[in-house]
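[1] have a look at this prediction, sequence included:
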Amino acid sequence: MMTDLQTNNYARRLLVELFVQFEADHNWFQDEECGTVLDLMNRLEVEIARGFALLDEGQELPADMRPLVKLRALDRFLKESTGFQVTGLPAQVTLEGDRRFYVYRRPLGLRQPSIQGQMGGHLRNWVAHHWVIPEKLYGYSVEIVRPTQFLISKFEALRQRRELLRVAIYHFEEGVEIVWHENLLPHLQAVDLKEPEKQWNRVERLLERALQQRVHVLVLPELTVTPALRRNIQHWLVKHLGRHSLLLVLPGSFHEADSSRPSEVFNRTQLLDSTGQVVMDHSKITSFGRIESFEHIRLGKRISLLPLPIGLMATPICLDFCQSDHPIREIWKALGPEWLLVPAYGNQSSVNAHRAAAKDLKISHGSRTVLANQHPRGEAPARGFIGDPPSESTPQNPDEQPAEQADAFQVEELRIWPDETPGGNKSGPGWVN
């Protein structure tokens with residue numbers, strides 16, 4: 001007999017081992033799924049319950065038990081027995097070869113059941129409550145950041161009250177003129193904005209609009225907010241803490257030197273909470289441009305994820321989300337965050353690429369993408385988008401937005417409480433979708 005701690009550790013490790021084996025060999029998974037369903041037929045749930053009972057008694061699962069039966073029993077047992085919080089740091093499991101994985105307990109699904117979700121050949125049908133996330137993926141390190149208790153309680157309160165999450169994006173219709181590093185031209189490294197004070201006035205007016213419209217999450221475009229203006233936003237959030245409803249602000253991104261390595265410049269964004277504190281940051285891992293004129297930055301090597309009561313959240317910058325000839329598309333399928341807040345800087349074709357990537361993740365994972373895009377020329381807006389407005393959000397009443405703001409400032413209301421319809425759980429790993 002194992003102690004509770006030993007049983008939980010055994011269950012997590014076996015869950016990871018099986019999960020990794022199945023995602024690495026899709027053909028084996030499909031053969032095993034077919035054989036399991038055919039051989040057990042009406043006894044499938046009975047066998048799963050038997051596995052659960054053995055774990056509950058502190059016993060290991062029999063060697064001859066079907067791997068998928070084990071997987072379902074482990075998934076169910078850990079959900080009901082471990083007691084760790086959805087939004088706490090996930091448990092870590094180390095396999096042979098020093099391969100480390102997070103076992104993340106997911107919140108209940110937020111999307112309607114889909115036909116795809118009822119089909120065979122999807123590991124999510126066997127692992128409904130957990131997600132196994134590798135600590136290293138395609139050469140990038142994956143970090144799960146611990147959220148503050150303040151953020152957890154605020155989002156949980158919204159979810160419990162079944163209050164719609166008000167998400168807003170903005171693009172600067174007047175355009176944003178960037179000061180590029182003269183010595184590096186034609187390669188592009190941003191140094192400042194030509195009229196930073198004027199830009200701050202625009203941002204401040206935008207924050208006031210967000211305050212008036214009770215926005216919870218605000219995302220601004222790439223290369224529109226300098227580090228100095230970001231600090232202004234932080235001060236504004238503190239000053240108006242008792243008035244605004246903002247829970248998260250992603251103030252675009254900008255090129256900035258690393259504090260520990262001043263000679264290295266990154267394209268960086270920082271996710272801020274209600275009090276202006278940095279929740280997590282992200283350094284762009286892909287650059288735009290061609291050989292003759294490219295974005296002159298040091299590329300990041302880390303992907304951060306924030307676990308919240310409404311799901312995992314990521315903040316990729318522009319091409320970090322939609323670059324088709326880069327493993328990044330596969331990375332997002334493997335990680336499957338529920339939310340992606342994306343600051344971008346590009347034309348309409350860039351927005352179309354983001355929309356295609358968002359649609360792909362929406363279908364396979366139910367992910368929601370919030371894209372704030374700035375066209376290099378302000379007169380051509382190339383507007384971003386929020387989630388999937390036709391199917392899941394409540395558009396802002398046009399009467400609530402003055403005509404001069406209707407295009408630049410977009411607000412959508414998204415449902416964040418679980419779908420209680422059977423089969424409505426969150427999608428599973430993209431590796432086997």
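    Great, that's in hand.
[2] only C-alpha atoms from now on, for both contacts and neighbour counts.
    OK.
[3] so which bits of stretch 51-64 are buried?
    Residues Gly51, Phe52, Leu55, Asp56, Gly58, Gln59, Glu60, Leu61 are the ones in stretch 51-64 that count as buried (16 or more other C-alpha atoms under 10 Å).
[4] count the residues that sit near the residue lying closest to Gly336 once chain neighbours are set aside.
    Closest residue to Gly336 apart from its sequence neighbours, by C-alpha to C-alpha, 6 or more residues apart in numbering: His365 at 6.1 Å. Neighbourhood size, His365 [other C-alpha atoms under 10 Å]: 25.
[5] which parts of the stretch 151-300 of the chain are helices?
    196-212, 227-239 (DSSP state H, counting those that start in this stretch).
[6] output the contacting helices and strands for the last one.
    Here helix 227-239 is seen to pack against helix 196-212, strand 248-257 when contacts are counted using 3 or more C-alpha pairs under 8 Å, 6 or more residues apart in numbering; DSSP states H and E.
[7] what angle sits between the first one and strand 248-257?
    The reference is to helix 196-212. 160 degrees (axes from the mean of the first three to the mean of the last three C-alpha atoms, to 10 degrees).
[8] which helix runs longest in this structure?
    For the chain, the longest helix by residue count, based on DSSP state H, is helix 4-24.
[9] so the following helix or strand past that one versus helix 4-24, what angle?
    On the C-terminal side of helix 4-24, the nearest following helix or strand under DSSP states H and E is helix 26-40. Helix 26-40 runs at 110 degrees relative to helix 4-24, counting by the same axes, to 10 degrees.
[10] output the below-cut-off pLDDT ranges for the stretch 301-433 of the chain.
    Residues of the stretch 301-433 of the chain meeting the criterion pLDDT under 70: 378-380, 388-407, 419-433.
[11] do that again at 90, thanks
    309, 311, 323-330, 333-334, 336, 360-367, 376-383, 387-408, 415-433 (pLDDT under 90).
[12] now do the stretch 51-200 of the chain
    80-92, 96-98, 104-125, 128-131, 146, 149, 159-160, 173-175, 184.
[13] quick one, strands of it?
    91-95, 99-105, 130-134, 136-137, 140-144, 165-170, 178-180, 190-193 (DSSP state E, counting those that start in this stretch).
[14] repeat that for the stretch 201-350 of the chain.
    217-222, 248-257, 265-273, 278-283, 289-290, 293-294, 302-308, 311-314, 339-345.
[15] among the ones you listed, which is nearest Thr94?
    Closest to Thr94 of the strands of the stretch 201-350 of the chain, according to C-alpha to C-alpha: strand 302-308, at 19.4 Å.
[16] that closest one vs strand 140-144, what angle?
    Using the same axes, to 10 degrees, the inter-axis angle of strand 302-308 relative to strand 140-144 is 20 degrees.
[17] quick one: list the elements packing against strand 302-308.
    Short answer (3+ C-alpha pairs under 8 Å, 6+ apart): strand 302-308 packs on strand 140-144, helix 149-160, strand 278-283, strand 311-314.
[18] CA atoms only: put it into PDB for me.
    What follows is strand 302-308, C-alpha atoms only, in PDB (Å, rounded to 0.1, in the frame of the first residue of the first chain):
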ATOM      1  CA  ARG A 302      11.300  31.300 -23.600                       C
ATOM      2  CA  ILE A 303       7.600  30.900 -23.700                       C
ATOM      3  CA  SER A 304       5.700  31.900 -20.600                       C
ATOM      4  CA  LEU A 305       2.200  30.700 -19.700                       C
ATOM      5  CA  LEU A 306      -0.100  32.200 -17.000                       C
ATOM      6  CA  PRO A 307      -2.600  29.800 -15.400                       C
ATOM      7  CA  LEU A 308      -5.800  31.500 -14.500                       C
END
